[in-house]
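K.L.:
This is the structure alone, sequence omitted:
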């Protein structure tokens with residue numbers, strides 16, 4: 001899977017925890033065709049975490065020809081890493097019987113993510129779960145901790 005090339009050690013660990021929780025990972029499934037704006041999904045019923053690598057690459061103008069462009073690579077990698085962490089939060093929520101995680105109340109969503117939050121709510125219909133995933137997607141160690149706490 002190509003998206004693995006964009007990850008750091010923390011995200012590789014998150015994938016291992018997601019798999020230990022009984023979920024599979026997949027890349028560029030038909031679900032990714034819903035919109036180029038989405039870089040990740042969680043199919044709860046099938047227990048599959050999906051990364052839309054092609055969408056991340058399109059958003060950042062990443063192509064094989066531009067692979068040497070470090071800035072484009074880093075922006076693409078950031079999208080993929082955040083998507084993986086975001087969907088992993090949903091895995092932890094599912095491991096918690098579909099409930100919200102017990103995280104610090106002082107943590108809040110970045111104002112720059114409000115538009116993305118609204119788009120995610122359109123698909124999932126679950127505002128608080130999405131809000132929690134957006135809060136934690138920039139905190140890989142906390143995502144790891146929550147997966148261990150609720151899934152293992």
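P.N.:
Cool, the structure landed. On a predicted model such as this, the values are computed, not experimentally measured, just so you know.

K.L.:
all helices of the chain, in order?
P.N.:
In the chain, the helices defined using DSSP state H lie at 9-20, 53-60, 70-95, 114-124, 127-136, 140-151.

K.L.:
helices or strands up against the lowest-mean-pLDDT helix or strand in the chain?
P.N.:
For the chain, using mean pLDDT, DSSP states H and E, the weakest element among its helices and strands is helix 114-124, scoring a mean of 89. The contact analysis (3 or more C-beta pairs under 8 Å, 6 or more residues apart in numbering; DSSP states H and E) places helix 114-124 against helix 127-136. Any C-beta I mention is one placed from the backbone N, CA and C, and that applies to glycine too.

K.L.:
what sits against residue 110?
P.N.:
134, 138 (C-beta atoms under 8 Å, 6 or more residues apart in numbering).

K.L.:
sorry, that was for residue 63
P.N.:
Residue 63 touches residue 57, counting by C-beta under 8 Å, 6+ apart.

K.L.:
how close does it get to residue 72?
P.N.:
Residue 63 sits 8 Å away from residue 72, going by C-beta to C-beta, to the nearest Å.

K.L.:
Likewise for residue 118?
P.N.:
Residue 118 is 27 Å from residue 72, by C-beta to C-beta.

K.L.:
Next, the distance between the ends of stretch 86-106.
P.N.:
With C-alpha to C-alpha, to the nearest Å as the measure, stretch 86-106 spans 19 Å from end to end.

K.L.:
That one: which residues count as buried?
P.N.:
86, 87, 88, 89, 90, 91, 92, 93, 94, 95, 101, 103 (16 or more other C-beta atoms under 10 Å).

K.L.:
quick one: least confident of those residues?
P.N.:
Ranked by pLDDT, these bottom out at residue 103, which scores 90.

K.L.:
residues contacting it?
P.N.:
Residues near residue 103 by C-beta under 8 Å, 6+ apart: 132, 135, 136, 142, 146.

K.L.:
and with 10 Å instead?
P.N.:
89, 92, 132, 135, 136, 139, 142, 145, 146 (C-beta atoms under 10 Å, 6 or more residues apart in numbering).

K.L.:
Same list, those, but as a markdown table with distance to residue 12 please.
P.N.:
Shown next, in a markdown table, are the contacts of residue 103 (distance: C-beta to C-beta, whole Å):
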| residue | distance to residue 12 |
| --- | --- |
| 89 | 17 |
| 92 | 17 |
| 132 | 23 |
| 135 | 22 |
| 136 | 18 |
| 139 | 16 |
| 142 | 17 |
| 145 | 16 |
| 146 | 17 |
